[in-house]
Every structure is written in structure tokens, then in C-alpha cells.
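Engineer: Kindly generate the corresponding structure for this input.
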Amino acid sequence: MRKKLTGFFAVFACLLILTACSSTASDNQSQEIPAETQSLLYSNTEATAQQMDAIVEAGRMEEQADYAVIYSGLQSWETAKEEIGTVDFSTDADGNGSADCFTDKSITIDDDGNYVVTVTVAGAQKTADFIASYNKDLSDYAHIVTNVNYSFGELMQQAGLNTLLGMGTTFFILILLSLIIAGFGKLFVSLDKRKAEKDAAERKAAAASQSAPAAAPAPVAAQSDDGALIAVIAAAVSAYREQAEPTVAPDGFVVRKIRRIGRK
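Structural biologist: Numbering: from 1, shown residues only. Have a look, this model is predicted:
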């Protein structure tokens, strides 16, 4: 298929060169395109559109992957055809050699001197502009693209959907950021509160540990002093009785209580 496209374009280029050579110098200066050149450009553009449709329908696009311009044009045609529907290239009711699916046609010359040919293709659902740009020396395609034609209502609907989608995405991101910031704020407050409670508990425990040891040892010291005093008094009484009353057993008494003078 690529050889077919290339061969077709080579024959077409030769015809265009011959036609261009026959044009006058004044035509070239005024950028006017001879009728013969226009006819050939239209014919080649219509044939290119028909062949691209056949390649897309046959699923043979990848065979043109090495030819960047044609492959890009095939991708654009495939995308557009999903909206314009099936195109009938076989019907030529008026017998002028151009299929009835081709309606409006125009040719312009861009700033680089390339020929820009636009043919409107009518599909089962919509129309599209098939645009083929040719190098100014007619040696090859410069660019091929297909643009679907939308009604004013469809354009407004698409604009509204795009606006809604853009604004919706923006608001969604803003709300999400607000929730994230609020979540981090609550997390930091909770961490600070826990830290404050922990510090307060540690300070309370430290204060309790510092005040408790000062009062606790007193009873122990008192009990220890009373035991020693009882032992000393018992030993003195026992020694005294042993001398004063030798017949009485020295251990026949028990010291049960000692009361200091001045205490109840």
C-alpha cells in the first residue's frame, strides 16, 4: 500500500511540474494557481483520502509507520472517522470524476510556499475537512490532517464540558488539599496535647517522689530508738535485781512499755 501511495504521488508530482512549467512568470509572482494545477491537487487529495480510508478499514496502518507524514495522517483520519461515520467514495451521481462525498474544496499557499489543499468529506454522521499540504516544489507531502466539523451547539457543549471539567478538577484538588491540611492540624494538636499530658504526669510524679521520702523514715527511726532503749533498761533492771534480790530469777520480768515523761 505504501508503494501504491508513493507511486501515485510520483506520477502526480510529474504532472504538477509540467503544469507549473507552463504557467507564466506573472502567475508565479502573484501566487495564482493555474486551473490545471488546482484540478490535479484536488484529484490527488481526494485519492489520498480514499486510499487512507481503505488502509484504515483494512487495519494496515502500521505498514506506513516508517513514513511519518502519511502515518500521522492515517492516525488523524482514523480518529475523525469514529465521529463522521462511514464515507461513500463510490457514488458519482453527476459523473464529474469526483465522488459525491467530497463537497467544498479550496487551495491556499502558506507562508513557506506550500500548497494547502482542503476538501470537505461528508460521512454518514458528520463532515470533516481533509487537509493535505504539499511542499512548494511538489516533491512530497508536508502535512496531512483531518478536522471534524462541529455545529455551534456541539462546540458550545464541548466548551461547557471542558470548563466544567477544569473547574471541577480545580475545586476537587482545593478541597482535597484543605482536608489534608486540616488533618495534619488535628494530628499536630493531638500530639502536642499528649506531650503536654505526659510532661504534666512526669512533673507530678517527680514532685511526689521528692516530698514522700522526708516524712517516711521518722517512724522507723523512732521504733529503732525505742527498741534500743528497752534493751538498755531491761539490762539495768536485771543487773539491779541480781544484786538486790539474789534469790529472784533475773529474767522473771518483762518490760512491756516505756512512756516518756511529758507524753500521754
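Engineer: in stretch 108-119, what counts as buried?
Structural biologist: By neighbour count with 16 or more other CB atoms under 10 Å, stretch 108-119 contains the buried residues 114, 115, 116, 117, 118, 119. For every residue, glycine as well, the C-beta is placed using N, CA and C.
Engineer: and which of the residues you listed is nearest to residue 60?
Structural biologist: Comparing these against residue 60 with CB to CB places residue 119 closest, at 22.8 Å.
Engineer: What is the strand or helix carrying that closest one packed up against?
Structural biologist: In this structure, residue 119 sits in strand 115-122 according to DSSP states H and E. Counting contacts by 3 or more CB pairs under 8 Å, 6 or more residues apart in numbering; DSSP states H and E, strand 115-122 is packed against helix 35-58, strand 102-109, strand 127-134.
Engineer: What are the contacting residues of the second one?
Structural biologist: Read that as strand 102-109. 31, 33, 38, 41-42, 46, 49, 115-122, 127, 136 (CB atoms under 8 Å, 6 or more residues apart in numbering).
Engineer: what are the pairing partners of that strand, and which direction each?
Structural biologist: strand 115-122 (antiparallel) (DSSP bridges).
Engineer: Output the strand holding residue 119 as PDB - backbone C-alpha positions only.
Structural biologist: Taking C-alpha atoms only, strand 115-122 is exported to PDB below (Å, rounded to 0.1, in the frame of the first residue of the first chain):
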ATOM      1  CA  TYR A 115       0.200  24.200  -1.300                       C
ATOM      2  CA  VAL A 116      -2.500  23.600   1.300                       C
ATOM      3  CA  VAL A 117      -5.500  21.700  -0.200                       C
ATOM      4  CA  THR A 118      -8.700  21.300   1.800                       C
ATOM      5  CA  VAL A 119     -11.600  19.100   0.700                       C
ATOM      6  CA  THR A 120     -14.700  18.600   2.900                       C
ATOM      7  CA  VAL A 121     -15.600  14.900   3.300                       C
ATOM      8  CA  ALA A 122     -19.200  14.000   4.100                       C
END
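Engineer: re the thing from before, now the buried residues of stretch 108-119 as JSON lines including distance to residue 243 and pLDDT?
Structural biologist: Converted to JSON lines, the buried residues of stretch 108-119 look like this (distance: CB to CB, whole Å; pLDDT from 0 to 100):
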{"residue": "114", "distance to residue 243": "146", "pLDDT": "92"}
{"residue": "115", "distance to residue 243": "150", "pLDDT": "93"}
{"residue": "116", "distance to residue 243": "146", "pLDDT": "95"}
{"residue": "117", "distance to residue 243": "149", "pLDDT": "95"}
{"residue": "118", "distance to residue 243": "147", "pLDDT": "95"}
{"residue": "119", "distance to residue 243": "149", "pLDDT": "95"}
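Engineer: For these, name the two members farthest from one another.
Structural biologist: Checked with CB to CB, the buried residues of stretch 108-119 reach their widest spread between 114 and 119, with 16.3 Å between them.
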